[in-house]
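[1] Need the 3D shape of this:
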Amino acid sequence: MSRGRANKVTTYKNLPPSIRDKTWVVLTESDPSIQQYLTNFSGKCVVAPSWVSNYSDKFQWLMDQVSQSEKKAVIMDDDLRFATREGDKLLAVATKDQEIKLEDVLMSIEDHLDDVPLVSLHPRQMGHLAPLPYKENGKVICMQGINMETIGNVVVNDYPILADVALNLNVLSRGLGNRLLTEAVLDYGSCQADGGCSLTRTANVQKEAVEHYASLYPHWFKVVKKKPKGENWLADEEGYRYDFRGAWKKLNKDAPNATND
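    Numbering: from 1, shown residues only. Presented below is the predicted three-dimensional model:
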């Protein structure tokens with residue numbers, strides 16, 4: 001998924017060629033740079049319908065499309081970088097062998113989706129210490145391998161942001177589980193970067209969204225109010241930013257009793 005970054009779709013560039021061949025750049029009609037996207041990625045663009053106006057709408061539309069067709073797909077943010085893992089070392093994908101390893105890990109997502117409905121790569125942070133070959137029932141960000149046959153009908157666009165959070169909460173609270181593959185890891189750009197979900201993520205939207213999702217699972221998640229370091233990005237009038245923190249693994253362990261009662 002991409003918006004406002006026609007000349008900087010990092011994910012597409014960093015994918016192995018065989019994976020890139022199976023990847024499309026998903027756009028919105030209202031994107032002012034849509035013509036540049038169509039030029040840069042000729043024949044590789046999918047334009048969502050006019051009602052799709054933000055990150056979560058696009059996520060919802062993609063899930064609905066997958067439900068009606070292949071049942072499995074991988075949804076990725078447009079600013080991803082990858083590294084492969086050897087023991088406790090993370091290596092930039094700079095050689096053919098590393099590219100093949102990354103390709104194998106990404107291709108394996110389809111098989112993992114037969115076991116759990118939500119699969120991703122582990123984030124780079126602490127990825128060198130995560131158990132091999134995968135970690136179960138953690139926080140999934142920036143990449144979502146989905147099996148809609150198992151997930152079923154789920155609404156993730158109540159807010160213009162945090163569709164990924166909404167999906168993971170739904171999956172784990174139903175006891176379905178997820179996997180974070182650890183033989184390769186992902187890294188992502190700054191949430192403050194131009195384009196993407198930053199176009200609709202304001203301090204008020206951030207606060208309302210995290211308060212809403214925390215309220216659905218109060219025994220497992222809470223809203224954390226903190227003063228951001230450096231620039232006051234997404235800070236309210238008092239200088240605080242609202243974030244979402246909780247126990248993903250415990251939410252899944254406690255399912256199906258994980259309700260908001």
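[2] From here on, just use CA atoms for contacts and neighbour counts.
    Noted.
[3] Model confidence for Ala203, exactly?
    Confidence at Ala203, expressed as pLDDT, is 89.
[4] That one is in contact with Asp236, isn't it?
    Yes: between Ala203 and Asp236 there is a contact at 5.8 Å, judged by CA atoms under 8 Å.
[5] could you pull out the helices for the stretch 151-261 of the chain?
    163-173, 203-216, 248-254 (DSSP state H, counting those that start in this stretch).
[6] how about these in a markdown table, adding distance to Lys96?
    Listed next are those as a markdown table, based on distance: least, CA to CA, whole Å:
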| stretch | distance to Lys96 |
| --- | --- |
| helix 163-173 | 32 |
| helix 203-216 | 41 |
| helix 248-254 | 36 |
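[7] Leu129: which of the ones you listed is closest?
    Across these, Leu129 has its closest neighbour in helix 248-254 (17.4 Å, CA to CA).
[8] which residues are contacting that closest one?
    For helix 248-254, the surrounding residues in contact (CA atoms under 8 Å, 6 or more residues apart in numbering) are 136-139, 169, 172-177, 220, 258.
[9] what about 10 Å?
    Under the contact criterion CA atoms under 10 Å, 6 or more residues apart in numbering, helix 248-254 has outside partners 136-140, 168-178, 217, 219-221, 247, 257-259.
[10] Just the buried positions in it, please.
    For helix 248-254, the neighbour count (16 or more other CA atoms under 10 Å) marks Trp248, Lys249, Lys250, Leu251, Asn252, Lys253 as buried.
[11] highest average neighbour count across the helices of the stretch 151-261 of the chain?
    Among those, ranked by average contacts under mean count of other CA atoms under 10 Å, first place goes to helix 163-173 (a mean of 21).
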